[in-house]
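A.B. asks: Got a predicted structure here, sequence first:
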Amino acid sequence: MDTRNARDGYDTRSVPAAATMQAVVFDRYGPADVLRLAQLPLPHPARGEVRVRVRAAGVQPADCSTRSGWFAQRGIGQAPFPRQLGNEFAGVVEQVGADVDGLVAGDEVLGWTTANAYAEAVVVPADQLVAKPAMMTWAVAGSLSASGQTAHTAVQALAIATGDTVLVHGAAGGVGTIAVQLARLRGARVIGTASRENHDYLRHLGAEPVLYGPGLAARVRELAPEGVQAALDGAGRGALDASIALGIEPSRIATLVAFEDVQRLGVRGVRSDRNRARLQELVDLHDGGRLRVHVRDIHPLSHAAVAHRDVENGHGRGKVVLMVYSTFGHAL
């Protein structure tokens, strides 16, 4: 394999076999302050895998739930400490394993992984990567893969179509922002719940905003007296009960967060079905100017705790992103 990057002349063989990288880890469950930087061995790609030098990694509410122990308390995703975080990223291909076609060192890509993207480098199967368009910023590229595919999975599962009125709970968040736009692209009318300060933002996305909290069902009925056909819950906090109260068929109510209520209410629990074709569709929509990804805050990798507190405040719009500035090898 040719390990030379034609773009800058960098030879990946010059990286020492024993090289290390910086990564965010945590040694116990707890508040954001448990996150710390650590030196970990630089991973190497096996057959069919690619090592990517990370430039940006999105921060998701699920990352916060993992760090706090919320998932562990429910028997989900338990693993030995120290643990890493991060499920979406963008960066530059640095090393390519055997039997990988179509990718070479120097290619700019975005993709997804499982709980290790808050790092200077990540190794993933080649089919979890797509090319980053030249005009897509690193921050946007690093925050699209996981949240975007979750929204796409949910809108597809609910069979949103022209003529539907759809209620999106938590519509201003990272997943909600994408879900609103995808539903609109399918010809649906969208009503989105959000705090009052995010109502203008939702209008720009093409949604009709409504304040969440007590009395939500009545406020939605006032906006849509003819009824609502589907609902997507990305917020929790009673969103499913409000959706049921609106008379929506349970099979067309989906939650991304309140899985403990799925059986009680007979609604759908949706988890992201991530695949290359789905991500490529999202990238093409963005590249064609039909999908907006809003990045509200950017933090360096060393400020992961600040980024988690930012996400956990629960009222921000769009995405929070960690930018990764390499401390070894070559500057990207």
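C.D. replies: Thanks, I have it. Numbers count the residues shown, from 1 in each chain.

A.B. asks: I'd like the average pLDDT over stretch 155-166.
C.D. replies: Mean per-residue pLDDT for stretch 155-166: 97.

A.B. asks: what does that stretch contact?
C.D. replies: Here stretch 155-166 makes contact (C-beta atoms under 8 Å, 6 or more residues apart in numbering) with 179, 182-183, 186-191, 224, 226-232, 252, 254, 268, 270. Yep, even glycine has a C-beta here, placed from its N, CA and C like the rest.

A.B. asks: all helices for the stretch 201-332 of the chain, in order.
C.D. replies: With DSSP state H, counting those that start in this stretch as the criterion, the stretch 201-332 of the chain has helices at 216-223, 239-245, 262-265, 276-287, 304-312.

A.B. asks: Verify the contact between M136 and L285 for me.
C.D. replies: No. If you go by C-beta atoms under 8 Å, M136 and L285 don't touch, sitting 11.4 Å apart.

A.B. asks: By mean pLDDT, flag the weakest helix or strand of the protein.
C.D. replies: Within the chain, no helix or strand scores below helix 70-73, which has a mean of 88 by mean pLDDT, DSSP states H and E.

A.B. asks: List of residues touching the very next helix or strand once past that helix?
C.D. replies: Using DSSP states H and E, the next helix or strand after helix 70-73 towards the C-terminus is strand 83-84. Here strand 83-84 makes contact (C-beta under 8 Å, 6+ apart) with 23-26, 66, 115-116, 118-119.

A.B. asks: What strands line up against strand 83-84, and which way round?
C.D. replies: Strand pairing for strand 83-84, using DSSP bridges, gives strand 20-26 (antiparallel).

A.B. asks: average model confidence for the strand it pairs with?
C.D. replies: When pLDDT is averaged along strand 20-26, the result is 97.

A.B. asks: how distant is that strand from the center of its chain?
C.D. replies: 20 Å (C-alpha atoms, centre = their mean, to the nearest Å).

A.B. asks: same question, stretch 196-203
C.D. replies: 21 Å.

A.B. asks: In it, which residues are buried?
C.D. replies: Neighbour-count burial for stretch 196-203, counted by 16 or more other C-beta atoms under 10 Å, picks out 198-199, 201-202.

A.B. asks: Among those, which lie within strands?
C.D. replies: Nothing among the buried residues of stretch 196-203 maps onto strands, per DSSP state E.

A.B. asks: Would you check which pair of those residues lies furthest apart?
C.D. replies: H199 and Y201 (7.1 Å; C-beta to C-beta).

A.B. asks: PyMOL command to pick out the buried ones of the contacts of stretch 155-166?
C.D. replies: Only the buried entries of the contacts of stretch 155-166 go into this PyMOL selection, using 16+ other C-beta under 10 Å:
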select buried, resi 179+182+183+186+188+189+190+191+224+228+229+230+231+232+252+254+268+270
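
A.B. asks: among the contacts of stretch 155-166, which are in strands?
C.D. replies: Per DSSP E, the contacts of stretch 155-166 map to strands at 189-191, 230-232, 254, 268.

A.B. asks: could those residues be laid out in TSV, adding pLDDT and distance to F71?
C.D. replies: Below are these laid out as TSV (pLDDT from 0 to 100; distance: C-beta to C-beta, whole Å):
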residue	pLDDT	distance to F71
R189	98	34
V190	98	29
I191	98	30
A230	98	27
A231	98	24
L232	98	21
A254	97	19
R268	95	20
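
A.B. asks: what are the phi and psi values for G176?
C.D. replies: phi -60, psi -40 (degrees, to the nearest 10).

A.B. asks: And for T153?
C.D. replies: When read as degrees, to the nearest 10, the backbone of T153 gives phi -60, psi -50.

A.B. asks: Not counting its neighbours along the chain, what's nearest it?
C.D. replies: Among residues not flanking T153 along the chain, D273 sits closest, at 4.7 Å (C-beta to C-beta, 6 or more residues apart in numbering).

A.B. asks: I'd like the buried residues of stretch 196-203 as a markdown table, with pLDDT appended.
C.D. replies: Listed next are these as a markdown table, based on pLDDT from 0 to 100:
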| residue | pLDDT |
| --- | --- |
| N198 | 95 |
| H199 | 97 |
| Y201 | 96 |
| L202 | 97 |
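
A.B. asks: Among those, find me the one that's closest to G314.
C.D. replies: N198 (11.3 Å).

A.B. asks: What is the burial count for T137?
C.D. replies: 17 (other C-beta atoms under 10 Å).

A.B. asks: and if you look at A46?
C.D. replies: Using other C-beta under 10 Å, the number of residues around A46 comes to 11.

A.B. asks: mind checking how far it is from N116?
C.D. replies: Look at A46 and N116: by C-beta to C-beta, to the nearest Å, they are 15 Å apart.
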